[in-house]
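1. Structure for this input, please:
(one chain, ligands or ions: 2)
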Amino acid sequence: MEGRKVIGWAARDQSGHLSPYSFTLRETGPEDVVFKVLYCGMDHTDLHQMRNEIHSTNYPLVPGHEVVGEVVELGSEVKKFRVGDIIGVGCIVGSCGECFSCKSNIEQYCNNRIFTFNGTYKDGRPTQGGFSSAMVVHQKFVVGIPEKLAPEQAAPLLCAGVTAYSPLKQFNRTDKVVKAGILGLGGVGHLGVLIAKAMGHHVTVISSSDKKRVEALEHLGADAFLVSSNSAEMEQAVNSLDYILDTVPAVHPLQSYLSLLNVDGKLILVGEAPNPLHFDSVDLILGKKTISGSFIGSIEETQEILEFWAEKGLTSMIEVVKMDYANKAFERMERNDVRYRFVLDVAGSNMEY
Ligand SMILES: [Zn+2]
Ligand SMILES: [Zn+2]
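-> Ligands and ions are numbered 1, 2, ... in the order given. Predicted coordinates for the structure are as follows:
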């Protein structure tokens, strides 16, 4: 039996152009949450998949993995949500449930994780994301949006926000001021600055040019700004940072950034570069430094960042647009012409168009 009919906006081919597409959701299982989509964040990963630039894309593809919705129906065994609740779904909607990662509540590292879109669900059907009038998701992969948070504000936290929060959590300490570096000031980077500041860190934004200095210092509240092409500035900052959150999703030389780390410092990669990155082993050995990676965050951490955001009264910088602007918004995103994230007002859009 089939579930309800919905309208999504889908890419049909490698052009990535989005247009209306009608399909049916699966029938509501005992542990499923059915919700009307209110808002959905827009991410570079959406665009790459729409254009078949990473994992092979199954068309039609409905993107969207920063989804905020309102519960309209619940399976018989769902106890933690009620109809009318505002909820969120991030990058994954399923995992095996049995491996080490799943048992340790870090299901984002399960080898059988199911992505929110362009994945295959347990019933063999393709998963479709949040650029859609409604979705059905197993309760384990649904988080509650705190009442204090505006739903459109919550959207970017579900992927970009938790991507920054999960690795920064280890530095959330009160016994000393942590010296933080945030490399790259895009969707993840700007949230990283806000999170690190809220954790009490001394935050240096590292950027390739001077263009974002005012933005970083005055609007986001960073403590310092470092231009990576300015060798005198870089030289002065050697051995000054406890960690660098590296959000750059492109090939970049690691050597000069590693030199900024103090002894025992960590470079944390969260942006996937399309080709190998290079470093010299002595740059790590002579300072007991670490290069590590981190992938989004767990469902538990997604709930945590939402509570953290509400409790600290933080505001992300977003531009809310309607669905018929989505193609244009992706064009602008490619030119970095957005401060810092587009959020689609799905419920307020004419989905049929
Ligand atoms: Zn697993
Ligand atoms: Zn994402």
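
2. Show me the contact partners of stretch 261-280.
-> The contact list for stretch 261-280 (Cβ atoms under 8 Å, 6 or more residues apart in numbering) reads 163-164, 167, 179, 184, 188, 239-255, 257-258, 287-295. The way it works is simple: take the backbone N, C-alpha and C, and place the C-beta from them, glycine included.

3. mind listing which of those residues are in strands?
-> Lys179, Leu241, Asp242, Tyr243, Ile244, Leu245, Asp246, Thr290, Ile291, Ser292, Gly293 (DSSP state E).

4. was I right about the second one contacting Lys179?
-> If I follow you right, that is Leu241. Yes - counting by Cβ atoms under 8 Å, Leu241 touches Lys179, with 4.9 Å between them.

5. any idea how far Asn239 is from Ser292?
-> Plainly put, Ser292 is 19 Å away from Asn239 if you go by Cβ to Cβ, to the nearest Å.

6. can you pull up the bridge partners for the residue lying closest to Ile291 once chain neighbours are set aside?
-> Closest residue to Ile291 apart from its sequence neighbours, by Cβ to Cβ, 6 or more residues apart in numbering: Leu267 at 4.9 Å. Note on Leu267: beta-bridge partners by DSSP bridges are Ile244, Ile291.

7. Look up the pLDDT of Leu267 for me, please.
-> The model reports Leu267 with a pLDDT of 98.

8. can you check the one 10 residues further on too?
-> At Leu277 the predicted local distance difference test score is 95.

9. so can I have a markdown table of the ones in strands among the contacts of stretch 261-280 showing neighbour count and pLDDT?
-> Below are the ones in strands among the contacts of stretch 261-280 laid out as a markdown table (neighbours: other Cβ atoms under 10 Å; pLDDT from 0 to 100):
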| residue | neighbour count | pLDDT |
| --- | --- | --- |
| Lys179 | 22 | 98 |
| Leu241 | 26 | 98 |
| Asp242 | 19 | 98 |
| Tyr243 | 25 | 98 |
| Ile244 | 24 | 98 |
| Leu245 | 29 | 98 |
| Asp246 | 26 | 98 |
| Thr290 | 14 | 98 |
| Ile291 | 18 | 98 |
| Ser292 | 12 | 97 |
| Gly293 | 12 | 98 |
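
10. If we only consider those, which is nearest to Trp309?
-> The closest of the ones in strands among the contacts of stretch 261-280 to Trp309 turns out to be Leu245 (Cβ to Cβ; 17.0 Å).

11. How many neighbouring residues does the residue of the stretch 151-300 of the chain found nearest ligand 2 have?
-> As assessed by Cβ to the ion, ligand 2 sits closest to Cys159 within the stretch 151-300 of the chain, at 3.3 Å. Neighbour count of Cys159, defined by other Cβ atoms under 10 Å: 25.

12. Hmm, His65 and it touching each other?
-> Yes - Cys159 lies in contact with His65 (Cβ under 8 Å); the separation is 5.6 Å.

13. got any residues that touch both of the two?
-> In contact with both Cys159 and His65: Gly41, Asp43, Thr45, Gly90, Cys91, using Cβ under 8 Å, 6+ apart.

14. what's the distance between the residue nearest to Ala250 when sequence neighbours are not counted and Met50?
-> Using Cβ to Cβ, 6+ apart and skipping residues adjacent in sequence, the residue nearest Ala250 is Ala273, 5.7 Å away. Applying Cβ to Cβ, the value for Ala273 to Met50 is 20 Å.

15. Between the two, tell me which one has more neighbours.
-> Met50 (27 against 13).

16. Pull the contacting residues for Lys312.
-> Ala198.

17. should've said Gln49
-> His55, Thr57, Leu61, Pro63, Phe117, Asn118.

18. What residues are bridge-paired with the third one?
-> Leu61 has these beta-bridge partners by DSSP bridges: Ala11.

19. correct me, but it touches Gly119?
-> No - applying Cβ under 8 Å, one finds Leu61 not in contact with Gly119, separated by 10.7 Å.

20. neighbour-wise, which of these two wins?
-> Neighbour tally, Leu61 and Gly119, criterion other Cβ under 10 Å: the higher count belongs to Leu61, 26 against 19.

21. so how many other residues sit close to Ser15?
-> 11.

22. Could you pull up the residues touching it?
-> Contacts of Ser15 (Cβ under 8 Å, 6+ apart): Arg51.

23. Could I get the pLDDT score of Asn350?
-> 86.

24. I'd say it and Tyr325 touch.
-> No - counting by Cβ under 8 Å, Tyr325 is not a contact partner of Asn350; they are 11.8 Å apart.

25. Looking only at neighbour counts, state which of these two leads.
-> Applying other Cβ under 10 Å to Asn350 and Tyr325 shows that Tyr325 carries more neighbours, namely 16 against 10.

26. separation between that one and His190?
-> 21 Å.

27. Could you do His219 as well?
-> If you go by Cβ to Cβ, the gap between His219 and His190 works out to 9 Å.

28. before we move on, the earlier item: counting neighbours, which of the contacts of Gln49 comes out on top?
-> Ranking those using other Cβ under 10 Å puts Pro63 first, with 30 neighbours.
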